[in-house]
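Need coordinates for the below:
(2 chains)
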Amino acid sequence: MIDDELKAILVCPACKGDLVFEETRIICPACRKAYPIRDGIPVMLISEATAWSPGT
Amino acid sequence: MRVLVTGAAGFIGSHLTEFLLGRGWDVIGADNFVTGSPENLAAASRDPHFAFVEQDVSEYIAIGGPFDWVLHFASPASPRDYLELPIQTLKVGALGTHNSLGVAKAKGASFLLASTSEVYGDPLEHPQSEEYWGNVNPVGPRGVYDEAKRFAEAMTMAYHRYHGLDTRIVRIFNTFGPRMRLNDGRAIPAFITQALTGVPLTVFGDGSQTRSFQYIDDLVEGLWRLMQARGVHDPVNIGNPHEMTLLELAQRILRLTGSSSPIVFQPLPVDDPKVRQPDIRRARALLGWSPRVDVERGLILTIEWFKKQVAKGAAS
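Sure thing, here's the model as predicted:
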């Protein structure tokens, strides 16, 4: 679980946009990327992000 | 107080993180685990005032919210690491420092740069005071670290002078303690691991080159005092002036571990500094700081930790 404080301050490293937090990943709807969460750690690396599109 | 620590999963970053948590500070740690390890943050992670994000601070620091301090400790720091990661080392000293300074400026936070005694290169003055400009080979293999940190210092001073940012620069001399990686290539982890596993201790050159080793707790205390010091924007050396040859160090570690490993000699690496000893008059005068843990005591504490690591390695 990512704590609320961290959720409040994280932004997308690629576009600096707001993020949507899911159980296992963090979505940037603006630039359509999904960042993984590994062992509770948000992995905010552009190189680790996968393409995301609405509905997936 | 709320602080961002880059390189929080590293040797020094993780000790500093725990120290600040112990003083009730909120710490946000960032690290890309290139040389740091999540294991170093096991204790910090249990503290509700700690949060962590995996990211490359050379890329972009994707963290908002208010900060009182930005502590920039991210960088490969052992010769073995920065020879393997030359571009990343230059990037984190340049782009990482720029990004970290940008966060500090945007948040109105104070900024501390972890610089290094390597800015003095192979010094022509001994001991090295902060006024000494250094003797660095910019195109030598070690230049990637030395010049990255020299650039980082220049950038930090530019932000101070041009933007009025409240900055500190610490030049950290050789530091040791628990959480150094067994295989990071530096003398103390190498000698202790070799002594504990019964293989020969590899001394480079004839072992007559000197180093001055400080224990991690002394460094963290020095960092803390530097953060409290008002108006100290010029670099401050933090290190233990107790100088010894590498051969002496190897012999001491053999004695403290009770190991019967032999000592073998190997060719000296390129541009390896022959002497290194901090002049700490500035730290004494401005911070009232001087090292308290003697090398023998520090080595005993470090050997205890390495014993557990070697046992873990053997068990896995």
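
Near chain A, which residues of the stretch 1-150 of chain B are found?
Proximity of the stretch 1-150 of chain B to chain A, by Cβ under 8 Å from any Cβ of the partner chain, involves residues B:26, B:28, B:32, B:38, B:48, B:51-56, B:59-65. Glycine gets a C-beta too; all of them are placed from N, C-alpha and C.

Could you give me the PyMOL syntax to select whichever of those residues are buried?
Entered in PyMOL, the line below selects the buried ones among those, by 16 or more other Cβ atoms under 10 Å in any protein chain shown:
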select buried, chain B and resi 26+28+32+38+51+52+53+54+55+56+59+60+61+62+63
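
Which members of the residues of the stretch 1-150 of chain B next to chain A occur in strands, if any?
When strands are assigned by DSSP state E, the members of the residues of the stretch 1-150 of chain B next to chain A inside them are B:26, B:28, B:51-54.

In TSV: those, plus pLDDT.
What follows is those, written out as TSV (pLDDT from 0 to 100):
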residue	pLDDT
B:D26	96
B:I28	96
B:A51	94
B:F52	94
B:V53	95
B:E54	95
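
Please enumerate the helices of chain A.
In chain order, chain A shows helices spanning A:4-9, with DSSP state H as the criterion.

Low-confidence bits of it, can you list those?
For chain A, the stretches with pLDDT under 70 are A:1.

just so I have it, where are all the strands in it?
Along chain A, the segments classed as strands by DSSP E run A:20-21, A:25-28, A:33-38, A:41-42, A:50-51.

Report all helices and strands that the last one contacts.
For strand A:50-51, the elements it packs on are strand A:33-38, judged by 3 or more Cβ pairs under 8 Å, 6 or more residues apart in numbering or on different chains; DSSP states H and E.

So which elements touch the strand it packs on?
Short answer (3+ Cβ pairs under 8 Å, 6+ apart): strand A:33-38 packs on strand A:25-28, strand A:50-51.

ok, the first one: who's next to it in the sheet?
Strand A:25-28 has these partner strands in its sheet, going by DSSP bridges: strand A:20-21 (antiparallel), strand A:33-38 (antiparallel).

Skipping adjacent residues, who's closest to A:A51 in space?
Distance criterion Cβ to Cβ, 6 or more residues apart in numbering or on different chains; nearest residue to A:A51, sequence neighbours excluded, is A:R32 at 6.3 Å.

now B:V3
With Cβ to Cβ, 6+ apart as the criterion, B:V3 has its nearest non-adjacent residue at 4.2 Å, and that residue is B:W69.

per-residue pLDDT, that neighbour?
B:W69 is assigned a predicted lDDT (pLDDT) of 98.

Also B:R276?
With respect to pLDDT, B:R276 scores 87.

List phi and psi for the residue nearest to A:A51.
Backbone dihedrals for A:R32, given as degrees, to the nearest 10, come out at phi 60, psi 60.

how near is it to A:M44?
Summarising the geometry, the distance separating A:R32 from A:M44, computed by Cβ to Cβ, to the nearest Å, is 16 Å.

Looking at the two, which is more packed in?
Comparing A:R32 with A:M44 by neighbour count (other Cβ atoms under 10 Å in any protein chain shown), the higher total belongs to A:M44, at 28 against 16.

which residues sit in contact with the nearest residue to the more buried one once chain neighbours are set aside?
Computed as Cβ to Cβ, 6+ apart, the closest residue to A:M44 that is not its neighbour in sequence is B:Q55, at 4.2 Å. When contacts are counted by Cβ atoms under 8 Å, 6 or more residues apart in numbering or on different chains, B:Q55 is found next to A:13, A:43-45, B:30-32, B:61-62.

and which of the residues you listed is nearest B:A250?
The closest of the contacts of B:Q55 to B:A250 turns out to be B:D31 (Cβ to Cβ; 31.6 Å).
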